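Participant: Quick check, what structure comes out for this input:
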Amino acid sequence: MFALRSRSATRTYIASRLLVALVLSSPLTGCMVSGQAPRTLDYSHTRTSESGVYRATITTPGDSIPTGKLQSWTLHLETVDGAPVDDASVSVDGGMPQHGHGLPT
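Facilitator: Numbers count the residues shown, from 1 in each chain. Now for the predicted structure:
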């Protein structure tokens, strides 16, 4: 059966559909706003600690870092003089500060 809607009901229906589309797309828009990385972002695999005492180097398997997959990296920790550091306590925190959220895993 075919039902006719009044002009007012049609406008209300269209407005509600637009609102639903806007609400559903807004989280994606937030992630795409910062399409470019900041110029100060450091991609180096070796860094010195803030205190200047230690140097840490990460290595990844292969030449590139895959996206969307769990990864296994190796951390080499030494003093700035090159002496290996044993029994260190290391904590790692990841996130996407340009997107305003952390990592899911």
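Participant: Show me where this structure has its helices.
Facilitator: Ranges of helices within the chain are 7-32, based on DSSP state H.
Participant: worst-scoring helix or strand of this protein, pLDDT-wise?
Facilitator: Confidence across the helices and strands of the chain bottoms out at helix 7-32, with a mean of 61, counting by mean pLDDT, DSSP states H and E.
Participant: Leaving aside the residues adjacent along the chain, what's closest to Thr74?
Facilitator: Thr59 (4.8 Å; Cβ to Cβ, 6 or more residues apart in numbering). Where you see a C-beta, it was placed from the backbone N, CA and C, and this is true even at glycine.
Participant: quick one, strands of this structure?
Facilitator: When secondary structure is read from DSSP state E, the chain shows strands at 46-48, 54-59, 74-79, 95-96, 101-102.
Participant: Pairing partners for the last one, with directions?
Facilitator: The reference is to strand 101-102. Within its sheet, and counting by DSSP bridges, strand 101-102 is paired with strand 95-96 (antiparallel).
Participant: what's the spacing between the nearest residue in space to Leu77 that is not next to it in sequence and Ser91?
Facilitator: Counting by Cβ to Cβ, 6+ apart, Leu77 lies nearest to Val85, which is 4.5 Å off, once chain neighbours are set aside. Applying Cβ to Cβ, to the nearest Å, the value for Val85 to Ser91 is 15 Å.
Participant: Counting neighbours, go ahead and name the busier of those two.
Facilitator: Here Val85 and Ser91 are set side by side on neighbour count (other Cβ atoms under 10 Å), and the busier one is Val85, at 14 against 4.
Participant: mind showing which ranges of this structure have poor pLDDT?
Facilitator: In the predicted model, the chain carries pLDDT under 70 at residues 1-35, 105.
Participant: run the last query once more with 90
Facilitator: Applying pLDDT under 90 to the chain picks out residues 1-45, 50, 60-73, 86-105.
Participant: Show the end-to-end separation of stretch 81-95, please.
Facilitator: Taking Cα to Cα, to the nearest Å as the measure, stretch 81-95 stretches 31 Å from start to finish.
Participant: Also stretch 84-96?
Facilitator: Calculated as Cα to Cα, the first-to-last residue distance of stretch 84-96 is 31 Å.
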